[in-house]
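Enquirer: sequence? don't have it. structure:
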């Protein structure tokens, strides 16, 4: 196979006549460890040299759209990969060895493997078999935000998806694989790129299905949330918190917004969120600060971020942030 490895991450393809294309495309193919290393480095991955036969060939293609990258890869031989510890995106590999064609959608015929490569676990090696995979590359902050929205619970630094699991036939897993295939094909042939809402909606569906299909520490909590939805008092209180993160908020304010007594509000939060209303408010503020610090803009100070998230005392903010995330706000500067 002729080598065709590109070192340009996600280069834009020329649109076909009459089409408006969205997203950026990265594609590579080649032979052996060196060429594979160049290709994988573009998506913050490393190949273990001893695991890659010199004759091994590969094909890789990704397209970015609506905050994630999706595509396909194929390897002629088994190999081992590990994440780049400096990467900020989590890679999901959905095995396609058991896929059959159903019109334009590929649906799994028997259980398939799902592999999660997380830069927060740089010491972990993942064995990829001689197969084709769907690829999903998603920023950890986007995953974190949706996990918090779905579960309403704290997410610590030790949070991790199950590194390898089976995607069984039917249900959420089949829906995930089908929508990934449909979205990827539509983006590549241009049929979806002229409709931004359609692409955004499909990508959001992929993210939500992924959180249901791949096991993680909050899976049981999210399942319980579907069975036992939050009471109206908790929903109203949380909505009030989110609208007023930068403002002083008291427990009386929350009870008034929720339309219940102080005791009822505290009981509902304890039963459904396993914490108190005020601690949950602090959790939301710290999460907002974490998002801003992770994507800090030029000239934005820690004091400005703290104030925007409702923290009036920098020393208290720094202490709470360190307890929550294991580092100081100043570490981001």
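Expert: Nice, I can see it. It should be emphasised that the depicted structure is a prediction, and the values quoted were computed from it without experimental measurement.
Enquirer: what residue ranges in the stretch 51-200 of the chain are flagged as low confidence?
Expert: Within the stretch 51-200 of the chain, the segments meeting pLDDT under 70 span 97-111, 152-154, 156-157, 168-170, 193-195.
Enquirer: all strands for it, in order.
Expert: Using DSSP state E, counting those that start in this stretch, the strands found in the stretch 51-200 of the chain span residues 57-65, 68-75, 79-83, 89-95, 99-102, 105-108, 112-117, 126-128, 132-139, 164-167.
Enquirer: what angle do the first one and strand 132-139 make?
Expert: Yep, that's strand 57-65 we're talking about. Here strand 57-65 runs at an angle of 40 degrees relative to strand 132-139 (axes from the mean of the first three to the mean of the last three C-alpha atoms, to 10 degrees).
Enquirer: Okay, angle between strand 57-65 and strand 68-75 too, please.
Expert: Put simply, strand 57-65 runs at 170 degrees to strand 68-75, going by the same axes, to 10 degrees.
Enquirer: what does strand 57-65 contact?
Expert: With contact meaning C-beta atoms under 8 Å, 6 or more residues apart in numbering, strand 57-65 is reached by 1, 10, 22-31, 35-36, 39-40, 43, 69-76, 135, 137, 183-184, 187-188, 193, 199, 203. (Glycine included, C-beta is placed from N, CA and C.)
Enquirer: Neighbouring strands - and their directions - for that strand?
Expert: strand 25-31 (antiparallel), strand 68-75 (antiparallel) (DSSP bridges).
Enquirer: Of those strands, which stretch is the most buried?
Expert: Of all these, strand 68-75 carries the top mean neighbour count, a mean of 22, counting by mean count of other C-beta atoms under 10 Å.
Enquirer: and the angle for that strand with strand 79-83?
Expert: Using the same axes, to 10 degrees: strand 68-75 against strand 79-83 is 160 degrees.
Enquirer: can you state the direction angle for strand 68-75 and strand 89-95?
Expert: Using the same axes, to 10 degrees: strand 68-75 against strand 89-95 is 50 degrees.
Enquirer: What are the boundaries of the helices in the protein?
Expert: 32-41, 140-151, 171-189, 196-213, 219-227, 232-243, 251-258, 262-273, 277-294, 302-308, 314-325 (DSSP state H).
Enquirer: Between those helices, which has the poorest mean confidence score?
Expert: Lowest mean pLDDT within the helices of the chain: helix 219-227, a mean of 67.
Enquirer: how is the protein carved up into domains?
Expert: 4-223, 230-332 (automatic domain parsing).
Enquirer: Let's have the strands of the stretch 51-200 of the chain in CSV, adding distance to residue 323.
Expert: Below are these laid out as CSV (distance: least, C-beta to C-beta, whole Å):
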stretch, distance to residue 323
strand 57-65, 35
strand 68-75, 31
strand 79-83, 27
strand 89-95, 25
strand 99-102, 46
strand 105-108, 43
strand 112-117, 27
strand 126-128, 32
strand 132-139, 25
strand 164-167, 32
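Enquirer: Any idea which of the ones you listed gets closest to residue 312?
Expert: Within the strands of the stretch 51-200 of the chain, the stretch nearest residue 312 is strand 132-139; the backing value is 30.6 Å (C-beta to C-beta).
Enquirer: got the buried residues for the closest one?
Expert: For strand 132-139, a neighbour-count test (16 or more other C-beta atoms under 10 Å) marks 133-139 as buried.
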